[in-house]
Every structure is written in C-alpha cells, then in structure tokens.
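Trainee: Predicted model and sequence follow; I will ask about them next.
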Amino acid sequence: MSNATNLKAILRGHLHEDRLQVLSDGLPLLDRWALAAIQLSEAVQPVSELLWRHARLSRL
C-alpha cells in the first residue's frame, strides 16, 4: 500500500463513511481537515505512482 492509501485507510477508520457524507455548516473543523486530507491523498496518489514508475524505469 502507498502512503496515500495508508493515510486514507487510517482517516476512514477514525471517521465513519456516513459522517464524511454530511457536508454541511455543522461539520466539525477536524472532520473538514480529515476529508480534505482524504481528497488530497486520492488526487496525489496517481501522480506519485507515475513518478515512482518513471524513476524505476529510468534506472533500468
């Protein structure tokens, strides 16, 4: 598992999926930060995997 996947799994383990779906003004700040971290990890993961593959192939 990549770091992004690990982060997502850890955060989702602490924040139930149904709490992530409630995006209203009443959402606690910590939950907003956790949701942003999950979204960022999902966006960054494909890029980091491409960079890793490129680095690995360039060493061959």
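Mentor: Noted; the coordinates are in hand. Residues are numbered from 1 along each chain as shown.
Trainee: In terms of helices and strands, where is residue 58?
Mentor: helix 29-59 (DSSP states H and E).
Trainee: Please name every helix or strand in contact with that helix.
Mentor: helix 3-14, helix 17-21 (3 or more C-beta pairs under 8 Å, 6 or more residues apart in numbering; DSSP states H and E). (Glycine included, C-beta is placed from N, CA and C.)
Trainee: Which helix or strand in the protein has the lowest average pLDDT?
Mentor: helix 17-21 (a mean of 53; mean pLDDT, DSSP states H and E).
Trainee: quick one on the thing from earlier: lowest mean pLDDT across the helices and strands packed on helix 29-59, which one is that?
Mentor: Among the helices and strands packed on helix 29-59, helix 17-21 has the lowest mean pLDDT, at a mean of 53.
Trainee: I'd like the average pLDDT over stretch 52-60.
Mentor: Stretch 52-60 comes out at a mean pLDDT of 83.
Trainee: Report the buried residues of that stretch.
Mentor: Across stretch 52-60, burial judged by 16 or more other C-beta atoms under 10 Å covers no residue at all.
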